Each structure stands twice: as C-alpha cells, then as structure tokens.
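Asks: need coordinates for the following:
(chains A and B)
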Amino acid sequence: MKRASILVLLLLLPLALFAAGQGEEKMASIRFWYHFDNPDAAVTPLVQKFEKENPSIKVSPEFIAWDVYNQKLLTSIAAGNPPDVSQIKLWWQPQLVEMGALLDLSDYLAKWPGRTDVFDKIWDLTEYTDGNQYLMPLQMVILYMYYRTDMFNELGLKPATTRAEFLDLAKKLTRDTNGDGTPDVYGFGIRGARGGHDWWGTFVLSSGAEFFLPGGGSGLTTTEAIAANQWFIDLYRVHQVSPPTTPNDGFQQIIANMQSGKTAMTIHHIGSSKGLAEALGDKLSAAPVPKGTKKYWTSFGDEENGVLAASQYPDAAFKWASFLATAENNAIWQKSSGQVSINKSNATGGGDRFLKATTDSADFAGVLPAHPGTAEFVESLWPTQMQRAFLGEIGSREMMQSFADHFAK
Amino acid sequence: MKRKTDLFPYTLLTPALSATVLIIFFPIVQTAIMSLFNYVIWKPKDTRFIGLGNYLRALTDEVFWISLKNTLYWIAGVILLQLLLGFTTAMLLNREFKWRGLARSLILIPWVTPSVITALMWRWMYDGNNGVINDLLVRIGLLNSYFPWLANSTTALPAIMVALMWQGFPFFAIMILAGLQAIPGTLYEAAEVDGASKLQMFTHITLPMLTPILFTSILLRIIWVANSMDVIFVMTGGGPGYATYTLPVFAFIRAYKGLDFGYASTIAIFLTLLLIAIVAGYVIRVLRSQEALR
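Replies: Modelled structure (predicted):
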C-alpha cells in the first residue's frame, strides 16, 4: 500500500510540476524598456489596455534616457539581467545578434496575423543578413529638409532639388542682417555632434560613397567618395553656410537655431515637427532632401522592439511586442512618440506638409550597414572624425580612411 | 591584556576598512585583471587573456597620448586657477566688513551646485549663438562677433577649466580662510613693530604658516580634479575631435561608446598609476611631518 502510494505520488509529480508551470505562465511578468524624445509621454494607457486583454501577463514599462539607452541595454545583457522586450535601433542589431541576445522571431511572425498590415519595405529593411527576423517593427521616420518659408519668400527662393542648387540656396540664405559685418543667419544647420551622420549621409552617400562595394572592399575611399566628403566639409570650412558652433551642435542646438532664425534649413524628421510648428507656424515647411551627384539618399529612422533571448516568458514578450505593432495600438503609440505608424491601415494618404515630406522621401530612404562596427561608428567615431575635419585637423581622405579601417576590422 | 589593547583600534577600523576593500579595492583589482583581457562586451566569444597587449596598444595610441597631455594640462590649469581665486577670496573674507558672514556662506554656492547643473549652466553661457558671455564681450567691445568657445579646439578645454575653477574655488577659499584664522595676530603685531611691510608680512608670516594647509588642499584637489569628467562630458562630450579628451573621458568613451572594457580598464589603470604617484607624495609628506612632531 505504502509502495503504491509512493508510485501514485511519483506519477502525479510531473502533473503537479506542469500545473505549477501553467500557474507561472499565468503570472507572466515582463519588463519593457522604451524611450521617447518627450519624456512626459507615457505608455500607461497601452499597458492598461494590453493587461485588460491579456490578464495573465503583467507589463512593467521602464523609461530609459536615450543618451544612455544603448550602453544600459548592452551592459544589462552582459550582466545577465536584460529586459524581456526592448526598443532597439536597427544599427544595434548586429552587435546584439553577435552576443546571442535577441530571440529569432521568424516562427512567431510566420503565425502572426498582423504581419501583412506592416509596410513591406520595413520588413525588407529590418530582416537581418542571416535571413532571420529578430525585430518587430514599432515606428518609423524618414528624414527630410525643414526650411524657413519666411526667409525663402523674402529672397524669392524655392527648396533645392539638387546638391548644386542646395549650395546656392545655402549661400544666399547666409546673411548679415544686422549690418555688423558678420553673418547672423546661416543657410544650413549641420549637426556636427553625435547623431549628425544623417546630415553627412544625405550628401555623401548620395554622391558616390558607399560603405561596401558590391565586389568587396570599401567604397568610402574612392576618389568620388573622398570628393563627396570634401564637399560636405567645405559647407562649414569654405562656404561657411552653417553656424561657427557646428562642430559641437547637437539635436537641441539645431532645433533651437531653426526656431530662433539663426538657420534657414536643417534636416530632421517628423518627430520634431510639432515643437517647431508650434514655435514657427506657417514660417516653417518641409521638403525631401536634395539629390546628390548620383542619387537621392536620406536616413530611414527606424525603431523596433526586440524580444531578449534571456526572457523567461518569450511568448508573453512577443505578445506585447506584436500588440504594439497592430494598427490600433500603434496609432496610440505614435501619438506619444510623434512618429509615423508602421501599419498600412494607418496610412491616411493625405496629412500635413511634414507627413507629405516623409512619404515623398520613402522610396530613397536608406539605412546604415548591418555591421557590428556601425554602432561605434555612430556613437563615437563619426562625431570625432567629423569634428576634426571641420576644424581642419584632418582632411577628407584621412577621415574616410579611418571609417574604412573601422569597417574592415 | 596588552594584546587586547593593541587590537582595539583595528576593531574600530574594521567596518571602514571592510567597506573600502569591498567598494574600492575589489573593483580596482577587478579593473586591473580586466585590463589584461581582450574584453569587448558585444564580442563575448572573443574574450581572452592578452597579457600586456592593452598596455602596449595604449602606448602606441595617439588618442591616449593626447588624453594624457590634456589630463596634465587640465590638472595644472584647474588647480592653479582655483588656488589663485580661492586664495584671493580667503584673504578678502578674512577682513572685517559688513555682511561678512553672508559672504562666507554665499561663496559655497558653486561648491554645492551639482556638476551636471554647473556644466549645463556654463555650456549655455558659452553658447556660440545665444550665450551671455559672448553677448557681454561683444557689448564691451572685446569681440566683434560671437565666438564658438566650445566648438574651437584651442579654447574648448580652457573654457571648461574656467567653469571648473568657478565650481571648485570655494574649497580652497574655505580651507585657506581656516588657515588664516589660525595664524596668531601677535605675529603680525611683532612684525609691524619691527617695521615689516605688508608684503614682507605676507611672504614671511602668512605664506609659511599656510604651507601645510595649502599642500594638503592642493593634493586632495589634484586627485578630485584628475578624476572629474562629468563637467567635461556634459559640456563637450570630449570634443571637438579629441580637444577635451582627458584620461577619464577617454576611458569612459572606450567603455561605454566602444564597449571595449578591456582597453578602457587599461586607461583607467594608467590614470590610477598617475594618481598613486601623487598620493605617494602626499603620504610621504604626512609621514615626515608626523616624524617631525615626535
């Protein structure tokens, strides 16, 4: 009898453990890391909606400041305590895949009904080089040219469509309006600090420079690429169409300069349109960036959600990531982020001048290479070398060679 | 009984020593070990022991030498500026005048202002487009047009040094003021009777009497200033180019932008060695003064 009881208990044990596991699944608690340009924006309404629809999952959102987001994410992974779901930039993906930190979502996505409602181009851009899909799209922006209509109208100018026209415009818009002998309005606000690679790419990657040549080797050190880079450096050093503070100017400065009338044009995305339009009203408009000597190029500013491989609740984590990517919820998210929905069913077809500049630029928007060195290129290499070139410490060739060497490692 | 008496001071020191070992000594040892490894955080498979490889890399790295040169320039410049301003302030505050108590309290404001606030405040004051410093200099005719102080490789580091001078001079002022108040007035009275001039009294009484306090203050401040990177990082991020790279800034950028923790640890060890040399001077000085007292 005693032996039979033990046998029954042993047989029941796996069932008990299974039940316990089921109980645990019912109590799935996931940590979600996110960032917004506007820290006042909240994800609480979305979390409440999700938890109501999925009572077995609890989402704990954590706001992480953008400046330290990447380093906090990577160090949390190295320390073995990453979040379950995290907002991720496309150019972080190679390092995260190299670390084995991201869960391959391909199987989940194959069964996800919302997949067809996400723009096809986003799937193309976010698919990793190994053919797997590690990221769930969340939002998108495409960079375009902001310009001051009051200054354009005053001088009878129209937005440039080519690089040559753009330089001509920038020169005309750089003026000494107070008669003190030095310019007080500049044609173009360049972001020389971190994040300014988008300004650089607009003119250099559209005029013959490529990170990698189709046949192998670097396309950053060709004669054409070095000349394109020199052209960009000359905007500051020779033509002086951007403010003297350019080497250190970051996001705050380029936006403040547009608002104050210090600059007449700059590049950014729809995320800053609300604040700029509030300050400038009809004095502000937007247009696609001009064409380089070879093609158009502007930056596709993406944001995705990744499910971390270390998550104990990958199903629940995917459910949250996919919840945010469905049309209704994504529209709510974009109200907070000020960016553009990834869903076809959210596309309005019309929209304001900023949305129009975004959609008009969609065909030629590109991304930086899916290479493990891209993150460091963006974070520290590009700003340092660009600043040195702006200050005349290095030339165009040396600058481009340092990039080529970096990506050759 | 005697043995018990000998152990007593060590028992009292144990909590402080334990905390020091855990919070300071252990991370230092860990950093030293990490500096011997190729440890790039996103390449966990490539982590391997490379001996002095990172040290040799630093010695041939142009950025390391720029950072070391900037660090020495930074320490010397900031300490000198803080000392001069602190000394002058202390001499003024040692005089009798109305509201002296209030003045003594107010000079502490820069010292208690958080570094990030100090850095942001000065960054906007230096702003090349809207900064108040440019505005004042143009108004009084010293400049024809606004100058990009922080975007120019020649002026960026000196500009930050001025900001740090403002933040740190109260430390010197308070320390020197305490020293000045400890000098017996009878010494000055005797010197006056002997016909000594103000300058002679300063060089033969004030300065010698302040030497121990100056020495200690300078050494302590050197250690703090050498380690400080928050103001630099917020004001320029190390730029433009490498113009404001000091060793702590370089180590931070290698660690958190390049994610190269092995090499960043090596740079931190070089900075530690530099500071150990300075602290050794301090300890020797203290030991000698203790010997002299016996």
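Asks: residues contacting the residue nearest to B:Asp135 when sequence neighbours are not counted?
Replies: The shortest distance from B:Asp135 to any residue other than its chain neighbours is 7.9 Å, reached at B:Tyr146 (C-beta to C-beta, 6 or more residues apart in numbering or on different chains). Using the backbone N, CA and C atoms, a C-beta is placed for each residue, glycine as well. Taking C-beta atoms under 8 Å, 6 or more residues apart in numbering or on different chains as the contact definition, B:Tyr146 lies against A:Pro244, B:Gly128, B:Asn129, B:Gly131, B:Asn134, B:Asp135, B:Val138.
Asks: quick one: which of those is most hemmed in?
Replies: Greatest neighbour count in those, by other C-beta atoms under 10 Å in any protein chain shown, goes to B:Gly128: 23 neighbours.
Asks: ok so, going back, surely the residue nearest to B:Asp135 is in a helix?
Replies: No: using DSSP: H, G, I helix; E, B strand; the rest coil, the assignment for B:Tyr146 is coil, not a helix.
Asks: look up phi and psi at it.
Replies: phi -60, psi 140 (degrees, to the nearest 10).
Asks: helices - which of the contacts of B:Tyr146 land there?
Replies: B:Asn134, B:Asp135, B:Val138 (DSSP state H).
Asks: export those residues to a markdown table and tack on distance to A:Gly80 and pLDDT?
Replies: Below are those laid out as a markdown table (distance: C-beta to C-beta, whole Å; pLDDT from 0 to 100):
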| residue | distance to A:Gly80 | pLDDT |
| --- | --- | --- |
| B:Asn134 | 49 | 94 |
| B:Asp135 | 52 | 93 |
| B:Val138 | 55 | 92 |
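Asks: quick one: name the residues of the stretch 201-350 of chain A near chain B.
Replies: Within the stretch 201-350 of chain A, the positions adjacent to chain B are A:Pro243, A:Pro244, A:Thr245, A:Thr246, A:Pro247, A:Asn248, A:Asp249, A:Gln253, A:Ala256, A:Asn257, A:Ser260, A:Lys262 by C-beta under 8 Å from any C-beta of the partner chain.
Asks: tell me how far A:Gly366 lies from chain B.
Replies: Counting by C-beta to the nearest C-beta, to the nearest Å, the gap from A:Gly366 to chain B is 24 Å.
Asks: if we can go back for a sec, out of the residues of the stretch 201-350 of chain A next to chain B, which are buried?
Replies: With burial judged by 16 or more other C-beta atoms under 10 Å in any protein chain shown, the buried subset of these is A:Pro243, A:Pro244, A:Thr245, A:Thr246, A:Pro247, A:Asn248, A:Asp249, A:Gln253, A:Ala256, A:Asn257, A:Lys262.
Asks: which residue packs closest to A:Glu304, ignoring adjacent ones?
Replies: Counting by C-beta to C-beta, 6+ apart, the residue nearest A:Glu304 is A:Leu135, at 3.6 Å.
Asks: can you pull the contacts of the one you found?
Replies: Applying C-beta under 8 Å, 6+ apart, we find A:Leu135 in contact with A:Ile88, A:Leu90, A:Gln93, A:Leu102, A:Leu105, A:Thr126, A:Glu304, A:Asn305, A:Gly306.
Asks: which of the three states applies to the residue of the stretch 1-150 of chain A found nearest chain B?
Replies: Nearest residue of the stretch 1-150 of chain A to chain B (C-beta to the nearest C-beta) works out as A:Gln95 at 3.9 Å. Recorded secondary structure, A:Gln95: helix (three-state DSSP).
Asks: wait, doesn't B:Leu52 sit right on B:Asn38?
Replies: No: in this structure B:Leu52 lies outside contact range of B:Asn38 using C-beta atoms under 8 Å: 12.0 Å.
Asks: the host helix or strand of A:Arg397 vs chain B: in contact?
Replies: A:Arg397 is part of helix A:396-408 when elements are defined by DSSP states H and E. No: for helix A:396-408, no contact with chain B is found by C-beta under 8 Å from any C-beta; the gap never falls below 10.4 Å.
Asks: average pLDDT for that helix?
Replies: Average pLDDT, helix A:396-408: 96.
Asks: if we can go back for a sec, so what pLDDT did the residue nearest to B:Asp135 get?
Replies: 89.
Asks: repeat for the one 5 residues further on
Replies: According to the predicted model, the pLDDT of B:Ala151 comes to 93.
Asks: burial of it, as a residue count?
Replies: 28.
Asks: may I see the buried residues of the helix holding A:Arg397?
Replies: For helix A:396-408, using 16+ other C-beta under 10 Å, the buried residues are A:Ser396, A:Met399, A:Met400, A:Gln401, A:Ser402, A:Phe403, A:Ala404, A:His406, A:Phe407.
Asks: isn't the fourth one right next to A:Ala225, touching?
Replies: Right, A:Gln401. No: in this structure, A:Gln401 is not within contact of A:Ala225 by C-beta under 8 Å, at 10.5 Å.
Asks: any buried residues in stretch A:313-332, and which?
Replies: A:313-314, A:316-327, A:329-330.
Asks: which residues are in contact with B:Ile267?
Replies: Counted by C-beta under 8 Å, 6+ apart, B:Ile267 has contacts B:Ala58, B:Phe64, B:Ser67, B:Leu247, B:Phe250, B:Ala251, B:Arg254.
Asks: ok, the third one touching B:Ala243?
Replies: No: contact between B:Ser67 and B:Ala243 fails when scored by C-beta under 8 Å: they sit 10.8 Å apart.
Asks: state the distance from A:Ala347 to chain B.
Replies: 36 Å.
Asks: next up, phi/psi of the closest residue to that residue other than its chain neighbours, please.
Replies: Spatial nearest neighbour of A:Ala347, excluding adjacent residues (C-beta to C-beta, 6+ apart): A:Ser341 at 7.4 Å. The phi and psi values for A:Ser341, taken as degrees, to the nearest 10, are phi -70, psi 150.
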